[in-house]
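> here's my sequence, what's the structure:
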Amino acid sequence: MSVSAKHIATFLLGAAAGAAALKYSSMSDEEKEKLMASLKEKAGKVKDEAETTFEKAKDYFSELTTKGGESLKDHWADAENFLKDLFKGKEDGGEKATPA
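Here you go, the predicted structure:
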């Protein structure tokens, strides 16, 4: 049976969780309260940053959609003519008509 990176990571995560539980159980009540307050503060900061990032991403994709639509409108005539020329050549038996 081989040991993969996944097994090693699982073992290390379990060892870290065990060490944290041992340290937490040996803390006084005052230290536990300080730790919980610190964790709540850090979680609040992470939540605020995530909400800000989500709003920025929402605005970015909205702007991207608008600009993409405008760009498509600007270049549609060129693309339409290109496709007409491309498929017209196939309909004519693969030979393009030469102007006289």
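
> check the most centrally placed residue in the chain and give its pLDDT.
In the chain, the residue lying closest to the centroid (Cα atoms, centre = their mean) is A57, at 9.6 Å. pLDDT recorded at A57 is 92.

> repeat for A100
45.

> with L86 instead?
Here, the pLDDT recorded for L86 equals 82.

> name the helix or strand for K56, please.
K56 belongs to helix 29-91 when elements are defined using DSSP states H and E.

> just checking, what packs against that helix?
Of the remaining helices and strands, none touches helix 29-91 by 3 or more Cβ pairs under 8 Å, 6 or more residues apart in numbering; DSSP states H and E. The C-beta positions use only the backbone N, C-alpha and C, and glycine is treated the same way.

> any regions of this protein where pLDDT drops low?
By pLDDT under 70, the weakly predicted segments of the chain are 1, 89-100.

> and for L35, the neighbour number?
Neighbour count for L35, taken as other Cβ atoms under 10 Å: 13.

> ok, now which ones touch it?
For L35, the contacting residues are Y24, M27, by Cβ atoms under 8 Å, 6 or more residues apart in numbering.

> separation between it and A20?
10 Å (Cβ to Cβ, to the nearest Å).

> likewise K42?
As defined by Cβ to Cβ, K42 lies at a distance of 15 Å from A20.

> again with W76
W76 sits 59 Å away from A20, going by Cβ to Cβ.

> kindly report the same for E30.
18 Å.
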